[in-house]
Each structure stands twice: as structure tokens, then as C-alpha cells.
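# I'd like to go over a predicted model; first the sequence, then the structure.
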Amino acid sequence: DYAARLFLTPFQPDEKNPLRGLGVGLGAWSGNVDNIALPAYKSFGQNTFISFASGVTSAGHRTRLAPQAYYYLGPFGLLGEYGLTEEGFQKGTVRRDIAFRAWQVQASYLLTGERKGQNSPVPRKNFDPRNHGWGAFELAARIGDFNAEQGLYNYGFASSTNSARRAHEWVAGVNWYLDRLLRISLNYGRTNFLGGVANGNRPSERALIARFQINFQ
């Protein structure tokens, strides 16, 4: 296996430059996948929406490209990613490379005015009700899409009657940072599918997910 990642923040040293929060990068990965575990493709609600057919195994190579960019300005943050994966599969004597493509764009805004960045924000006032401290609050939204090559079904690696070829999602949520290490999140997401049932599309998924997170930094 070989992996590499290059990321640039060309304007970061200049504190007065409005582009100091801009970052762009590219990740790449390539390796052999003979007889390794099949990948799991899950929705926002953590439900598997692609199930491989019986007798299918990983075979050959897997190659991934993942360009990424972000921009942060004060309490505002914007991040975009694109992923292209080509992976070899085999069923019986049939061996083919199948492409999977995905992208996402997410935006966030800190209502309490802290500076947004790659790491968790440091609240101006940590959660301490006795001293009128409530932490930091953030609104966030994301839209994303996943698409599998038609060959996944043409070569018998999966069936369109139980595996969706495409998943399109949007998610909105609120984050509460009690301090720089503790976060509570509440997110609502909806995912629409293309295919996944006989003669139609899998029903849309709606999910409400709460999470408590501790960051060790």
C-alpha cells in the first residue's frame, strides 16, 4: 500500500490577509485488495445501502484520489471534498474495476463569535452557569452525494433490488462546545436513494442523531 497527502495554506502567515484561512490539498492512495474485507457503504443514519452479492470478493487494486479545500474567516467555515475510488472486485471468473464517486460541501457559523478553524473552537466563556458562562454555539449544514458505477450491477457484484446506486443527503445541526474539549451535537439528516428496491427507489431515510464528544488534544 502507498499513501500520500499534500496540503497547502499559502496565506496563513499573514494575519491581515483575508485569505489566511484558505487551505487546499490532495490525498492519494493505492494498494492491493486481494481477498480483503468488502467495503461497507453506510448512510448518515449508519444503515448499509450497498450489499454485495454472494461470492463477491475484493480483487486487484484499489486507487483513491481525494482533493479537499477549506476556508475560514472569523466565525465562518466552509469545507468541500471530492472522492474518487476505483476498486477491483471478482465474482467467479468475472473481475472488473468499479468506480465510486462522492462529494460533500459543509458550512458552519459560530453564533458566539469565536474563530472557526480545523480544530475545535476555544469558547470565550467555558460552560459555567454560576459565572454566566455557556460555552460556544455553532450552526452547521452539509450536502453530499455518493454515486456507484453502473458496472456494479452489470457484472453481478450487487443487485439493484437491494442496493442503491446513488445516495444524496443533506444534514443540518447545532454544536454546543462546553469548552475546548467537550462537545454536544444534535443533527438531522435526510438521504434520498436511487434504486435499492425492485422497480423503484429505496425509501428516503430520515435520522436524528445526538452525540457527546471528548477531544483529547
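Here it is on my side, so go on.

# what's the spacing between the most far-flung residue of the chain relative to its centre and Ile36?
Ranked by distance from the centre of the chain (CA atoms, centre = their mean), the top residue is Arg130, with 38.0 Å. Distance from Arg130 to Ile36, counting by CB to CB, to the nearest Å: 54 Å. (Each C-beta comes from the backbone N, C-alpha and C, glycine too.)

# circling back: next, the residue farthest from the centre of the chain: secondary structure please.
helix (DSSP: H, G, I helix; E, B strand; the rest coil).

# List the buried residues for stretch 135-154?
Gly135, Ala136, Glu138, Ala140, Arg142, Gly144, Phe146, Ala148, Glu149, Leu152, Tyr153 (16 or more other CB atoms under 10 Å).

# so where's the chain shaky on pLDDT?
Residue ranges of the chain with pLDDT under 70: 217.

# Now name the helix or strand holding the residue nearest the centre of it.
In the chain, the centroid-proximal residue (CA atoms, centre = their mean) is Gln104; its distance is 6.6 Å. Taking DSSP states H and E as the definition, Gln104 sits inside strand 94-110.

# Given that strand, what are its sheet partners and their directions?
Here strand 94-110 is paired, per DSSP bridges, with strand 76-91 (antiparallel), strand 136-148 (antiparallel).

# Reformat these into JSON lines and put distance to Asp1 next to each item.
Output for those, formatted as JSON lines (distance: least, CB to CB, whole Å):
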{"stretch": "strand 76-91", "distance to Asp1": "13"}
{"stretch": "strand 136-148", "distance to Asp1": "23"}
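
# ok, now how distant is the closest residue to Leu22 other than its chain neighbours from Val24?
Computed as CB to CB, 6 or more residues apart in numbering, the closest residue to Leu22 that is not its neighbour in sequence is Tyr71, at 5.1 Å. From Tyr71 across to Val24, the span is 9 Å (CB to CB).
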